[in-house]
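quick one, what's the 3D model for this:
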Amino acid sequence: MTTITANPSYRLDLTSSPHLHSRWSTKQAMWLVIAALIPSVISALIYFGVSQMLIIFVCIFFAMGTEALIKFIRKREISILDGSAAITGLLLALILPPGFSPVFAAVGSVVAIGVGKEVFGGLGYNIFNPALVGRAFLQAAFPVQMTTWKINNYNIDSVTTATPLSMLKFDGKSTSFGNLFMGNINGSLGETSAIAILIGGITLVIVGVVNYRVPLAMILGLMLFGGVFWLVDPVKFSSPVFHLFAGGFLFGAFFMATDWVTSPITAKGMWIYGLMISLIIIMVRLFGGLPEGVMYAILLMNAFVPLINRYTRPRIFGVKK
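Residues are numbered from 1 along each chain as shown. Here you go, the predicted model:
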């Protein structure tokens, strides 16, 4: 007769669904995303000055510090080295205006981690993208500071310090595609250079950290919805290519909407999710009171992700509806 005894070295970890497998661990994926953001960081420092590193440092420091403090208070394992808090801080910094107050940036980081992530239970449980939650709070609390743009170091024509979307919406002035592509424009730190974003974003798609369906659906949706209005009245409405490179669309498509936790897990759901984000963006940009709508579009669709996952689940073979 064989006696089976419990082995204390074995531990059963219970985690929230979905239980998906990837070639990358969560920690590896987070640091790969941080590495993919380096081109955008370099672009921000080139166009807006090395002094912008202060904003980046403050956001990362307070994001990691807030998570460590909350974990300590809740008597949970402090796991700030997994990169999740650092990436939230870095993403928040890159969607802030250049020259933004370090004090306000710190407040935004605390809100991003505390309200956008930890209040739901921590990594894997949050409903909304934490970095966008932090930016939404800053947009509501400090609207003047969030819409004050420092003049680009190399763009001597941008004396109005307006972003391309603001110039188009309120002044009827367009911006050259060359400046939009390279980043020689005013805007948030990490959102101005399309080429820097594409380098990092496409790299994440190639290595498998980002599913291609969400950014592709957003790009196709933007070209479709924006193209319809442009074809109807090309004088009144700008081309979809302009909308593609202007504002935070590309940054949102590759680094915000693709968040593992807050985006759909089904293939069909990803297409729906991406297309709806682009539709909302076009509606806000063309008919809303604000020049930009990427943040609101992604946060709104984050709220619908559970429903999208529920109604786009693959049908089990042999099971009737």
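
and the residue nearest to the spatial centre of the chain, what pLDDT?
Nearest to the mean C-alpha position of the chain, by CA atoms, centre = their mean, lies residue 256 at 2.1 Å. Per-residue confidence (pLDDT) for residue 256: 95.

quick check: phi and psi at it.
In terms of degrees, to the nearest 10, the main-chain angles of residue 256 are phi -110, psi -50.

identify the residues contacting it.
Taking CB atoms under 8 Å, 6 or more residues apart in numbering as the criterion, residue 256 is in contact with 91, 129, 131-132, 294, 298. Any C-beta I mention is one placed from the backbone N, CA and C, and that applies to glycine too.

run the last query once more with 10 Å
Applying CB atoms under 10 Å, 6 or more residues apart in numbering, one finds that residue 256 lies in contact with 91, 95, 129, 131-132, 135, 214, 248, 262-263, 277, 294-295, 297-299, 302.

name the element the nearest residue to residue 255 once chain neighbours are set aside belongs to?
The shortest distance from residue 255 to any residue that is not its chain neighbour, by CB to CB, 6 or more residues apart in numbering, is 6.3 Å, and that residue is residue 91. Using DSSP states H and E, the secondary-structure element containing residue 91 is helix 84-94.

by how many degrees do the next helix or strand after that helix and helix 84-94 diverge?
Using DSSP H and E, the helix or strand that follows helix 84-94 in sequence is helix 102-114. Regarding helix 102-114 and helix 84-94, their directions subtend 140 degrees when assessed with axes from the mean of the first three to the mean of the last three CA atoms, to 10 degrees.

skip the chain neighbours and tell me the closest residue to residue 285.
Nearest to residue 285 is residue 293, by CB to CB, 6+ apart, at 5.9 Å.

how many neighbours does the one you found have?
Using other CB atoms under 10 Å as the criterion, residue 293 is surrounded by 23 other residues.

might you report the residue contacts of it?
Counted by CB under 10 Å, 6+ apart, residue 293 has contacts 165, 247-249, 252, 277, 280-286, 300.

what does residue 27 give?
If you count contacts by CB under 10 Å, 6+ apart, residue 27 has them with 79, 81-84.

off-centre distance for the helix holding residue 91?
Helix 84-94 has its C-alpha centroid displaced from the chain centroid by 10 Å (CA atoms, centre = their mean, to the nearest Å).

go on, stretch 60-71?
Relative to the chain's own centre, stretch 60-71 is displaced by 19 Å; criterion: CA atoms, centre = their mean.

stretch 174-193 now?
Taking CA atoms, centre = their mean, the mean C-alpha location of stretch 174-193 is offset from the chain mean by 18 Å.

repeat that for stretch 74-88.
From the chain centre to the centre of stretch 74-88 is a distance of 19 Å (CA atoms, centre = their mean).

that older thread, and of the contacts of residue 27, the nearest to residue 314?
Within the contacts of residue 27, proximity to residue 314 (CB to CB) peaks at residue 84, which comes in at 28.5 Å.

so which of the contacts of residue 256 sit within helices?
Secondary structure assignment (DSSP state H) places 91, 131-132, 135, 214, 277, 294-295, 297-299, 302 from the contacts of residue 256 within helices.

closest to residue 239 among the residues you listed?
Residue 239 has its nearest neighbour among the ones in helices among the contacts of residue 256 in residue 294, at 17.9 Å by CB to CB.
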